[in-house]
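Enquirer: here you go, sequence then predicted model.
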Amino acid sequence: MIDWLDGIDPRAVVHADAKIAEGVAVGPFAVIGPHVTIGPGCRIGPNVVIDGHVTIGRENVFYPGCHVGFPPQDLKYEGGPTKVVIGDRNVFRENCQVHRGTEHGNGETRIGNDNYFMVASHVAHDCTVGDHVIFANNGTLGGHVEVGDWATIGAYSGVHQFCRIGRYAFIGGYSVVTRDALPYCLTVGDRARCYGINKIGLRRAGFPRETIAALDAAVRKVFLSGLSREEALEAVLAKWGDHPEVREMVEFVRGTRRGVIPIRLEAPPA
């Protein structure tokens, strides 16, 4: 937790126009730009650079080498005052990167609360990350990606631009995600395939067995019944629609723009 930090180290460079709340600790050789707002209780480690229009909430921790708010890696970006908005109690381990939004996107990159970003995670421009998400080492999002609450992005995995990662989705390590990854499901591989409901993860998260069974049956019905997609979705709602998680799954499938990752019911690759 870099607990040894205390106050603003005299070797840090903090612009006079930056808004730094009480109780913020800033380590040596950190750089904080003029348009940055940092909430109370944050800890900014050595050699962290935060620049651009960045708003950071309470009690976030940035380990050494993080870079937040830099221009997007998008050749269409024209230098506008786009943003990064970060919520509360997030942990960014060494060398994480969060880029600001673009004018032709939604104008901001937004991260929620209580997320854990392991070493060298990368959040590209215009992404939205929910709450309680875990990024393993070198987990990478392309631009405009949406990640739902409680999802996990495995080590060295890459998510293509404009994809969605559903709530409680588990993306296995070294995966290449080029379409939307279903909520509550295990997705892994190059190119990634869905291997059904993440039953172990959902049990650990406290989901009732009845809910897990309904989700499992619903996924099989939608993708393996031979019905048209809309016919299958209607059949799922008719039989298991009293489970809000099933309704969420249906709306996720209906809302896809890039398509949903194909499902297989064999064992995932080791």
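Expert: Yep, that arrived. Residues are numbered from 1 along each chain as shown.
Enquirer: now residue 131. Nearest residue, chain neighbours left out?
Expert: residue 112 (4.1 Å; Cβ to Cβ, 6 or more residues apart in numbering). Using the backbone N, CA and C atoms, a C-beta is placed for each residue, glycine as well.
Enquirer: I meant to write residue 258 there.
Expert: Using Cβ to Cβ, 6+ apart and skipping residues adjacent in sequence, the residue nearest residue 258 is residue 179, 4.9 Å away.
Enquirer: what's the answer for residue 158, then?
Expert: Per Cβ to Cβ, 6+ apart, closest to residue 158 is residue 140, 4.7 Å.
Enquirer: enumerate every residue touching the residue nearest to residue 131.
Expert: Contacts for residue 112 (Cβ atoms under 8 Å, 6 or more residues apart in numbering) come out as 87, 129, 130, 131, 133, 149.
Enquirer: let's see it at 7 Å
Expert: In this structure, residue 112 makes contact with 87, 129, 130, 131, judged by Cβ atoms under 7 Å, 6 or more residues apart in numbering.
Enquirer: next one: residue 257
Expert: For residue 257, the contact set (Cβ under 7 Å, 6+ apart) comprises residue 162.
Enquirer: mind listing the helices in the stretch 51-200 of the chain by residue range?
Expert: Listed in chain order, the helices of the stretch 51-200 of the chain (DSSP state H, counting those that start in this stretch) span residues 199-204.
Enquirer: low-confidence ranges in the protein?
Expert: 1, 266-270 (pLDDT under 70).
Enquirer: try it again with 80
Expert: 1-3, 265-270 (pLDDT under 80).
Enquirer: looking at it, which helix is longest?
Expert: helix 209-224 (DSSP state H).
Enquirer: dump the C-alpha coordinates for the very next helix or strand once past it into CSV.
Expert: Note on helix 209-224: by DSSP states H and E, the next helix or strand toward the C-terminus is helix 229-240. The C-alpha coordinates for helix 229-240 follow below in CSV (Å, rounded to 0.1, in the frame of the first residue of the first chain):
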residue,chain,number,x,y,z
ARG,A,229,-31.9,-16.1,-32.0
GLU,A,230,-35.0,-14.2,-31.2
GLU,A,231,-37.2,-17.3,-30.9
ALA,A,232,-34.7,-18.7,-28.5
LEU,A,233,-34.6,-15.5,-26.4
GLU,A,234,-38.4,-15.4,-26.2
ALA,A,235,-38.4,-19.1,-25.1
VAL,A,236,-35.8,-18.3,-22.4
LEU,A,237,-37.8,-15.4,-21.1
ALA,A,238,-41.0,-17.5,-21.0
LYS,A,239,-39.3,-20.3,-19.0
TRP,A,240,-36.6,-18.6,-16.8
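Enquirer: perfect, that will be all.
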